[in-house]
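Novice: Pasting the sequence and the predicted model now:
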Amino acid sequence: MLEFRVIPVLTILDGELVKTIKFKNPNYIGDPINAVRIFNLKEVDELALIDIGISKGITHEIDFNLIEEIVSESFMPISYGGGINSIDEVETLFRIGIEKIILNSSLLDFELINKISSKFGEQSLVACIDYKKDFFGKRKIYLKSGKSSIKLNFSDLISDLSKNGVGEFIFHRIDFDGVMSGYDFDGINDFINLTEKPSIILGGASGSECLNKIKTISNLSGSAASSIFVYKGNEKGILINYYK
């Protein structure tokens, strides 16, 4: 059984470290390189790096130079997501030291997913399923930083992704992003029964008590968080920190 991991998520926009609330209003946090250096000292399990610039139309291509610089500073494994649309981009990311690829906007490109998995192995490929509840309380799946919803239900999408070679899932509740009110415990209990692949929850972590509670859920392989690792206190003073 895999050891439970606690993963800080660094959100990048135009080369800067930012933090969003419900995928909106990115707040400047600082330099991602400095954040990585601090996480090195904290002996973090691994990092996830998400560039939201392409999906928001602010940038138009993956910043490989920045990613390579971040990887070169990191003592821990780094996963990357943001603007990945081709096997050539994936090859470049692995060549500069990224450990895993995180897909969201390309989740319905099963041909690309199959190519990545066939060439690099399913352990290299993570599907991030962004979701939130609609007006009627039904969970809906979204792509492209929450811009567009899809009609597939969770069971069918997870099944299709697994068959095509996805090795790990992140379940990210959009309307919990940056709120720090607690994880979607009901949601994750439903989702982990739909797959035997490693699963991680993201969105809403409120602190050490929340992290400890999520560790008690069977078949969950990890938790991810952002706000609690870049903010301090109710006033959200900026402080890069880590605990598990």
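Specialist: Nice, I can see it. Residues are numbered from 1 along each chain as shown.
Novice: so which strand or helix has Glu68?
Specialist: helix 64-73 (DSSP states H and E).
Novice: typo on my end, Thr20
Specialist: strand 16-21.
Novice: For that strand, name the packing helices and strands.
Specialist: When contacts are defined as 3 or more C-beta pairs under 8 Å, 6 or more residues apart in numbering; DSSP states H and E, strand 16-21 packs onto strand 5-13, strand 24-30, helix 32-41, helix 227-230. (C-beta placed from N, C-alpha, C; glycine too.)
Novice: helices or strands up against the last one?
Specialist: Under the contact definition 3+ C-beta pairs under 8 Å, 6+ apart, helix 227-230 sits against strand 16-21.
Novice: Okay, angle between the strand it packs on and helix 64-73 too, please.
Specialist: Strand 16-21 and helix 64-73 are oriented at 90 degrees to each other (axes from the mean of the first three to the mean of the last three C-alpha atoms, to 10 degrees).
Novice: buried residues in strand 16-21?
Specialist: By 16 or more other C-beta atoms under 10 Å, the buried positions in strand 16-21 come out as Leu17, Val18, Lys19, Thr20.
Novice: State the distance from Ile67 to Ser79.
Specialist: Note on Ile67: its distance to Ser79, by C-beta to C-beta, to the nearest Å, is 11 Å.
Novice: cool, and Lys24?
Specialist: Distance, Lys24 to Ser79, by C-beta to C-beta: 23 Å.
Novice: now the buried residues of strand 16-21 as TSV including distance to Gly233 and pLDDT?
Specialist: Output for these, formatted as TSV (distance: C-beta to C-beta, whole Å; pLDDT from 0 to 100):
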residue	distance to Gly233	pLDDT
Leu17	19	97
Val18	19	97
Lys19	15	97
Thr20	19	96
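Novice: if we take these, which one ends up nearest to Arg173?
Specialist: Thr20 (13.1 Å; C-beta to C-beta).
Novice: what's the distance between the closest one and Leu125?
Specialist: 24 Å.
Novice: Where do the strands of the chain begin and end?
Specialist: In the chain, the strands defined using DSSP state E lie at 5-13, 16-21, 24-30, 47-51, 78-81, 100-103, 125-133, 139-143, 148-150, 168-173, 199-202, 222-225, 231-232, 237-238.
Novice: Any chance of a markdown table for those strands, columns distance to Tyr183?
Specialist: As requested, those are exported to a markdown table (distance: least, C-beta to C-beta, whole Å):
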| stretch | distance to Tyr183 |
| --- | --- |
| strand 5-13 | 12 |
| strand 16-21 | 16 |
| strand 24-30 | 20 |
| strand 47-51 | 16 |
| strand 78-81 | 19 |
| strand 100-103 | 19 |
| strand 125-133 | 13 |
| strand 139-143 | 14 |
| strand 148-150 | 22 |
| strand 168-173 | 8 |
| strand 199-202 | 5 |
| strand 222-225 | 7 |
| strand 231-232 | 17 |
| strand 237-238 | 23 |
